[in-house]
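Enquirer: Return atomic coordinates for the entry below.
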Amino acid sequence: MLIKYNETGEIVTSWKYNKGNNVFEIFSNDKEKISEYDPVLVLDAEYNPDNFKLVMLYNKREDCTENSIYQVLVKNQRIGWIFPVQALLSRDHDYAKNSFFLKYAYVAICLLLEQIEDKNRGAFDGAFYLEDFYESSDNVLVLDNDNCSKIQDFNLDDYVVSLYKNGYSFTGQGNLYSEIDLPDKAIKLLAQSKELSGIPYIVELFKKQIPAEREAFAMFYTYYQVIEILISVVFEIKFKQILVDLNEDADNLFDKREELNDIASEKNRIKWLFSNYVNIRTDKKNALSHACVELLSSCGKRSSQKVAEDLYQVRCLLVHKLYILNDAGRVILQRLNHLFLDVLIDIILSFDASRVDMES
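Expert: Now for the predicted structure:
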């Protein structure tokens with residue numbers, strides 16, 4: 001903790017929880033108690049905050065309220081809780097007297113206090129409020145280090161896309177566009193495909209680029225970057241198989257030439273990606289397909305009524321002929337982007353290079 005009040009000169013550097021009075025005592029760098037933080041909730045200080053990690057997340061969806069308090073599970077293992085800061089500032093939610101939540105609320109406040117660093121505060125009036133340093137709509141993910149260690153090779157980055165699917169982002173305002181099935185008591189996180197763990201750029205996109213507000217065409221380009229990454233993986237899979245085949249029978253070289261031409265085609269690789277390597281909910285795929293057809297039609301372009309091919313045609317349209325996109329087309333593109341995002345999340349979470357290749 002470090003807070004510098006410029007106008008009055010106070011420097012706050014530490015705090016201590018007074019369990020008997022349920023208050024946090026705030027101390028200056030001279031070890032002098034100068035204020036108290038009086039939490040609204042009656043906290044339970046059973047857990048040692050040193051055994052936990054706090055991650056700030058953002059979710060400004062209308063359906064994320066002070067009652068959006070969830071356990072977080074990986075498989076069947078609880079790794080922590082997630083909830084908005086507002087849940088720490090109010091008793092008007094379902095968990096205000098929940099014994100397990102009050103333990104995590106204590107840990108959360110301790111860690112929030114500890115990570116405050118503000119060297120440019122105004123005057124100090126003697127009062128201390130947590131909400132002076134955090135937005136009430138900010139969300140905290142409190143991870144239990146011991147429980148996380150029970151998950152083999154646990155890495156939070158593997159669950160960034162799944163968190164985004166549930167509305168939470170590391171920057172920006174969260175996932176404001178996807179249709180989300182609101183959980184009852186727990187959020188079950190899914191790891192992204194293991195085959196993609198060696199491509200950190202996907203995680204960076206979901207942490208920094210995808211949550212950013214931009215023009216519709218720029219968002220499409222950002223989403224399509226993930227497709228380009230995945231079809232490069234598809235290329236590697238198919239190319240390695242060709243090499244294996246040639247190693248077994250070098251006389252097949254001329255027969256394999258056509259296959260090499262096929263895998264060099266971006267449109268073919270997108271078709272293979274959608275058909276063979278991922279599992280996308282049918283309603284999501286159909287909705288994206290209809291939006292692609294609608295956009296292409298609005299620009300006088302033909303469509304194939306096949307989602308992978310039409311998505312590729314939309315990409316070509318926006319790259320080569322963006323200037324023909326009218327106002328109606330931009331509205332369609334914005335809706336298409338929302339549907340594309342949902343499909344993209346399914347693709348990342350279900351990608352499996354070991355699936356049987358049905359269209360080699």
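
Enquirer: where do the strands sit along this protein?
Expert: 2-5, 11-18, 23-28, 33-37, 52-58, 70-74, 77-84, 117-121, 138-144, 186-189 (DSSP state E).

Enquirer: closest to residue 348 out of the ones you listed?
Expert: strand 186-189 (13.1 Å; Cβ to Cβ). Every residue, glycine included, has its C-beta placed from N, CA and C.

Enquirer: Quick one: residues in contact with that closest one.
Expert: 70-74, 78-79, 82, 159, 162-163, 166 (Cβ atoms under 8 Å, 6 or more residues apart in numbering).

Enquirer: and with 6 Å instead?
Expert: 70-74, 159, 162, 166 (Cβ atoms under 6 Å, 6 or more residues apart in numbering).

Enquirer: next one: stretch 234-241
Expert: Taking Cβ under 6 Å, 6+ apart as the rule, stretch 234-241 contacts 263, 269, 272-273, 353.

Enquirer: buried stuff in it?
Expert: 234-235, 237-238 (16 or more other Cβ atoms under 10 Å).

Enquirer: Among the residues you listed, which are located in helices?
Expert: Secondary structure assignment by DSSP state H places 234-235, 237-238 of the buried residues of stretch 234-241 in helices.

Enquirer: what would these look like in TSV with distance to residue 19?
Expert: Formatted as TSV, those follow (distance: Cβ to Cβ, whole Å):
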residue	distance to residue 19
234	58
235	60
237	58
238	63
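
Enquirer: Now these in a markdown table, please, with extra columns for pLDDT.
Expert: Formatted as a markdown table, these follow (pLDDT from 0 to 100):
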| residue | pLDDT |
| --- | --- |
| 234 | 88 |
| 235 | 85 |
| 237 | 82 |
| 238 | 79 |
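
Enquirer: Contact partners for the residue nearest the centre of the chain?
Expert: Central residue of the chain (Cα atoms, centre = their mean): residue 164, 2.9 Å from the mean position. Residue 164 is in contact with 175, 206, counting by Cβ under 6 Å, 6+ apart.

Enquirer: Just among the contacts of strand 186-189, which is most surrounded?
Expert: residue 166 (25 neighbours; other Cβ atoms under 10 Å).

Enquirer: For that residue, list the residues it contacts.
Expert: Per Cβ under 6 Å, 6+ apart, neighbours of residue 166: residue 187.

Enquirer: Look up how far residue 73 lies from it.
Expert: 12 Å (Cβ to Cβ, to the nearest Å).

Enquirer: got it, and residue 165?
Expert: 14 Å.

Enquirer: before we move on, what about residue 216?
Expert: Distance check for residue 216 against residue 73: by Cβ to Cβ, it reads 35 Å.

Enquirer: repeat for residue 199
Expert: Residue 199 is 25 Å from residue 73, by Cβ to Cβ.

Enquirer: And residue 2, by the same measure?
Expert: Distance from residue 2 to residue 73, by Cβ to Cβ: 35 Å.

Enquirer: And residue 207, by the same measure?
Expert: The value you get for residue 207 to residue 73, if Cβ to Cβ is used, is 22 Å.

Enquirer: Next: residue 224.
Expert: Distance of residue 224 to residue 73, given as Cβ to Cβ: 32 Å.

Enquirer: Ok, residue 191 next?
Expert: According to Cβ to Cβ, residue 191 and residue 73 sit 12 Å apart.

Enquirer: Please save the CA atoms from stretch 306-315 in CSV.
Expert: Extracted as CSV, the C-alpha positions of stretch 306-315 are listed here (Å, rounded to 0.1, in the frame of the first residue of the first chain):
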residue,chain,number,x,y,z
LYS,A,306,-21.7,-22.2,-46.4
VAL,A,307,-20.4,-20.4,-43.3
ALA,A,308,-16.7,-21.0,-43.8
GLU,A,309,-16.6,-20.0,-47.4
ASP,A,310,-18.9,-16.9,-46.8
LEU,A,311,-16.8,-15.8,-43.9
TYR,A,312,-13.8,-15.9,-46.2
GLN,A,313,-15.7,-13.9,-48.8
VAL,A,314,-16.6,-11.3,-46.1
ARG,A,315,-12.9,-11.1,-45.2
